[in-house]
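# attaching a predicted model along with its sequence, questions to come.
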Amino acid sequence: MRGVCILRISWSFSRLQICLSLTAASLLGGSAFAQTTYGLQGLFNTGISPAGGLLAQGSADTHWFHLVNIRGLSLWLNTPLANSSTYPFPNWLADGPSSQWLAPSADQSTGSNPGTYYYQTVFDMTGLDRSTANLSLSFASDDAVQSITLNGNDLGITGGTFTGLSAAQNITSGFVSGLNTLQVAVNNAGAAANPTGFRAEVSSGHFAVEGARRQNANRLLPNIPGRSAS
């Protein structure tokens, strides 16, 4: 999307929710690196706090952003948690234990206008070999996900329901060195306002740390409580 002003509120790289396996399977200089588990900077399930637990109701997700238009200006803002004490719950998959629903506004009991809603998150691959990257993404949505892009490249992933998480979708291409942007477009169908939301879990990933890049591993954080198992 061109002409978009990106505003990220309370951005934090201080902790991670998702643990990604960093595996060096090749031999360099006659020795092999053992498998090591690190956290990848900036990548979280939806509805997770910087400390790795579920966010409290009434909070906004500071790792996943949604696109809003204010007086003709497009902004990426922290995404509210959907209020789980009102409709469309319990029709929607219950929150927890590893993720929660996000929505354009917390109260979806009266819904949101029909249209396309965009969510995105940013993670850091500085010092990692992107040619070995593999992320596994599961999601739920209301209505359906109409596209998922990585750094602007359409991954061909669509669908989703509000009653359960999708089968794991493997992402093996489109990564870049440095910051990577994963963006999801959710279509809210219908002729009148109705509930819409999105929820995601990144269950695993594998990245080789090459010989010269291994020195950068000290910028990666160790496992933290509440993460998804790799």
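Arrived safely, thanks for sending. Numbers count the residues shown, from 1 in each chain.

# all contacts plus neighbour counts: C-alpha atoms, from now on.
OK.

# measure the nearest residue to G164 once chain neighbours are set aside to T149 for me?
Take G164 and drop its neighbours on the chain: the residue closest to it by Cα to Cα, 6 or more residues apart in numbering is L93, 5.6 Å away. L93 sits 24 Å away from T149, going by Cα to Cα, to the nearest Å.

# rewinding a little: the residue nearest to G164: neighbouring residues, count only.
Here the number of neighbours of L93 (other Cα atoms under 10 Å) works out to 19.

# so who does it touch?
L93 makes contact with 162-164, according to Cα atoms under 8 Å, 6 or more residues apart in numbering.

# that's a strand at it, yeah?
No. Assignment of L93 by DSSP: H, G, I helix; E, B strand; the rest coil gives coil, placing it outside any strand.

# picking up where we left off before, now list the buried members of the contacts of L93.
Neighbour counting over those (16 or more other Cα atoms under 10 Å) leaves F162 as the buried ones.

# in TSV: the contacts of L93, plus secondary structure, distance to L128 and pLDDT.
Below are the contacts of L93 laid out as TSV (DSSP: H, G, I helix; E, B strand; the rest coil; distance: Cα to Cα, whole Å; pLDDT from 0 to 100):
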residue	secondary structure	distance to L128	pLDDT
F162	coil	34	97
T163	coil	36	97
G164	coil	33	97
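
# distance to I171 added to the contacts of L93, as TSV?
Shown next, in TSV, are the contacts of L93 (distance: Cα to Cα, whole Å):
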residue	distance to I171
F162	22
T163	23
G164	20
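
# what is the nearest of the contacts of L93 to Y87?
Distances from Y87 to these, taken as Cα to Cα, are shortest for F162 (12.6 Å).

# hang on, L155 packs against L137?
No. Using Cα atoms under 8 Å, L155 makes no contact with L137, being 11.6 Å away.

# which residues in the chain form strands?
Assigned by DSSP state E, the strands in the chain fall at 19-22, 27-28, 31-32, 36-39, 60-70, 73-80, 115-124, 135-142, 145-150, 153-154, 169-171, 179-188, 197-205.

# I'd like the average pLDDT over the last one.
Looking at strand 197-205 alone, the average pLDDT works out to 84.

# packing partners for it?
Packing partners of strand 197-205 (3 or more Cα pairs under 8 Å, 6 or more residues apart in numbering; DSSP states H and E): strand 19-22, strand 135-142.

# going by mean pLDDT, which of those comes out lowest?
For the helices and strands packed on strand 197-205, where the average pLDDT is lowest is strand 19-22, sitting at a mean of 32.

# and S138, how close does it get to P114?
S138 is 24 Å from P114, by Cα to Cα.

# should've said F175
Counting by Cα to Cα, the gap from F175 to P114 is 32 Å.

# neighbour count: those two, which is higher?
Neighbours were counted for F175 and for P114 using other Cα under 10 Å; F175 has more, 21 against 17.

# count the neighbours of the closest residue to the more buried one other than its chain neighbours for me.
Leaving aside its sequence neighbours, F175 sits nearest to R130 (Cα to Cα, 6+ apart; 5.8 Å). Counted with other Cα under 10 Å, the neighbours of R130 add up to 20.
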